[in-house]
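Asks: Give me the fold of what follows.
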Amino acid sequence: MGREQWTRIWVGSAGNMVEWFDWFVYATFAVYFADAFFPEGNGTANLMNTMGIFAVGFFMRPVGGWLLGRIGDRRGRKAALTLTVTLMSASAILIAVAPTYAVAGYGGVAVLMVARLLQGLSVGGEYAASATYLTEASRPDRRGFASSFQYVSMTAGQLIGLGLLILLQHTLSEDALHDWGWRVPFVVGALGAAVVFYLRRTMLETEVYAESGAAEDADRGTLKALWAHRREAFLVVALTMGGTVAYYTYTTYLTKFLSKSAGMEKSTATLVSFCALFVFMCLQPLAGLLSDRIGRRPLLIGFAVGSTFLTVPVMMMLKHAGTFWPALGLSLLALVVVTGYTSINACVKAELFPTGVRALGVALPYAVANALFGGTAEYIALWFKDAGAESGYFWYVAGCAAVSLVVYLSMRETRDLDLHRIGAGEATGTAAGRSSDGTSVTTAF
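Replies: Take a look at the predicted model:
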């Protein structure tokens with residue numbers, strides 16, 4: 001890959017990193033600010049309320065997916081990417097200055113709610129805009145590799161958040177973290193978003209979009225156009241279901257699970273998550289490259305089989321891991337399995353739709369799936385724990401993976417489709433394209 005390709009990957013990924021830093025630090029620092037916005041009482045209940053607000057942000061993501069996906073298809077990928085980071089900066093500032101319960105009663109909760117709604121709106125469009133941009137901006141035989149940097153940047157954002165938490169844990173007292181230290185990451189996120197805003201203002205539009213003629217299509221980016229590809233849209237929801245539940249289980253929820261259920265110190269649990277996520281981040285491009293060689297389906301099927309049969313025993317062993325090294329080993333095992341989904345899901349979804357509806361086609365169904373399954377994962381986990389049946393959540397995660405496994409087994413390969421030609425066979429319920437060697441390919445679902 002040339003210098004220009006790497007520049008596009010960097011610009012597309014840098015904004016994604018800041019977006020997901022802001023998104024994840026809410027969950028990461030929730031254990032420190034949960035009690036600040038609610039009356040004193042049951043700590044688990046306050047954490048559940050705080051994570052309930054976290055889940056609300058997910059339900060705004062379909063709106064963001066529709067709005068920003070429409071903008072991405074009608075005005076270009078650059079316009080959508082610039083707007084998403086602007087919204088995220090505003091939401092980070094709101095959380096940083098939100099008043100506590102002692103100062104404004106439930107007024108602070110209202111500010112948190114507004115901020116999470118803005119974050120949901122922003123992230124709902126960011127995923128599709130960056131997935132579409134990274135996929136379209138890469139060589140046909142490197143789409144898996146290039147799009148894998150979406151989860152590299154997402155994980156990097158989370159690692160920076162965890163790294164900041166570790167730093168604050170070692171430089172501030174527990175009381176200081178609960179009083180004001182939790183506000184620091186949101187200030188950092190707002191500043192990072194300002195830098196990325198400048199970078200995205202100077203980025204170039206993808207050639208696939210610029211040369212497609214999509215900008216001349218009156219129906220581009222509309223629900224009418226998406227309805228013509230409803231089969232692919234439902235496929236996105238189904239293939240996302242198992243992956244998003246597993247991802248949030250082993251990333252944002254893992255630290256809480258290790259501290260609340262496994263009895264680890266918060267600092268030890270955070271370090272386990274940090275080390276596991278670093279290795280996970282490094283695996284993404286390797287798996288993306290592998291998918292460019294052997295196809296997307298083998299990786300997706302491997303993820304689903306592993307998650308279906310390993311989730312329950314891995315989570316049970318994590319609950320009794322006790323110390324750093326066993327917990328790290330089990331966490332790495334789970335994240336290696338999840339890599340089969342995370343490394344390529346962005347390009348798989350982008351490869352399903354024609355250029356004129358690609359951003360919306362990825363954004364809206366993915367956001368719906370995340371609202372239903374990803375956003376509620378932690379709340380469901382805490383609900384099972386509060387009900388005294390924590391293992392029920394482990395079976396829930398395995399069940400979601402099993403559903404996605406059926407989809408992966410029945411779908412066709414998308415690796416060799418030509419992004420310029422996808423959609424030519426829509427009248428017969430197929431997605432037509434051309435492989436890298438010029439051979440016609442027709443994919444049915």
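Asks: When you work out contacts or count neighbours from here on, use the C-alpha atoms and nothing else.
Replies: Will do.
Asks: Strands along the stretch 301-445 of the chain, start to end?
Replies: The residue ranges that make up the strands of the stretch 301-445 of the chain, judged by DSSP state E, counting those that start in this stretch, are 430-434, 440-444.
Asks: which stretch in the ones you listed has the least confidence?
Replies: Within the strands of the stretch 301-445 of the chain, the stretch with the lowest mean pLDDT is strand 440-444, showing a mean of 37.
Asks: what comes up buried for stretch 296-316?
Replies: If you call a residue buried by 16 or more other C-alpha atoms under 10 Å, then stretch 296-316 has these buried ones: 296-297, 299-308, 310-312, 314-315.
Asks: Can you flag which of these belong to helices?
Replies: Secondary structure assignment by DSSP state H places 297, 299-308, 310-312, 314-315 of those in helices.
Asks: so what secondary structure elements neighbour the top helix by length along the chain?
Replies: Ranked by number of residues, the top helix in the chain under DSSP H is helix 43-75. Contact analysis of helix 43-75 by 3 or more C-alpha pairs under 8 Å, 6 or more residues apart in numbering; DSSP states H and E lists helix 3-28, helix 30-33, helix 77-97, helix 107-136, helix 358-369, helix 377-386 as its packing neighbours.
Asks: which stretch among those comes nearest residue 394?
Replies: For the helices and strands packed on helix 43-75, proximity to residue 394 was assessed by C-alpha to C-alpha; helix 377-386 is nearest, at 8.4 Å.
Asks: Give the rounded mean pLDDT of that closest one.
Replies: Confidence over helix 377-386 (mean pLDDT, whole number) is 90.
Asks: tell me the angle of it relative to helix 43-75?
Replies: What separates the directions of helix 377-386 and helix 43-75 is an angle of 160 degrees, with axes from the mean of the first three to the mean of the last three C-alpha atoms, to 10 degrees.
Asks: who touches helix 377-386?
Replies: Taking C-alpha atoms under 8 Å, 6 or more residues apart in numbering as the criterion, the residues outside helix 377-386 that touch it are 44, 48, 51-52, 55, 245, 248-249, 253, 390-393.
Asks: Can you tell me which of the residues you listed is closest to residue 13?
Replies: When the contacts of helix 377-386 are compared for distance to residue 13 (C-alpha to C-alpha), residue 248 wins out at 19.9 Å.
Asks: nearest residue to the closest one other than its sequence neighbours?
Replies: The spatially closest residue to residue 248, leaving aside those adjacent along the chain, is residue 374, at 6.4 Å (C-alpha to C-alpha, 6 or more residues apart in numbering).
Asks: separation between the one you found and residue 36?
Replies: Taking C-alpha to C-alpha, to the nearest Å as the measure, residue 374 falls 25 Å from residue 36.
Asks: Between those two, which has more neighbouring residues?
Replies: Here residue 374 and residue 36 are compared on neighbour count by other C-alpha atoms under 10 Å; more neighbours surround residue 374, at 24 against 21.
Asks: right, and the more buried one touches residue 240 too?
Replies: No: with contacts counted by C-alpha atoms under 8 Å, residue 374 stays clear of residue 240, the gap being 9.1 Å.
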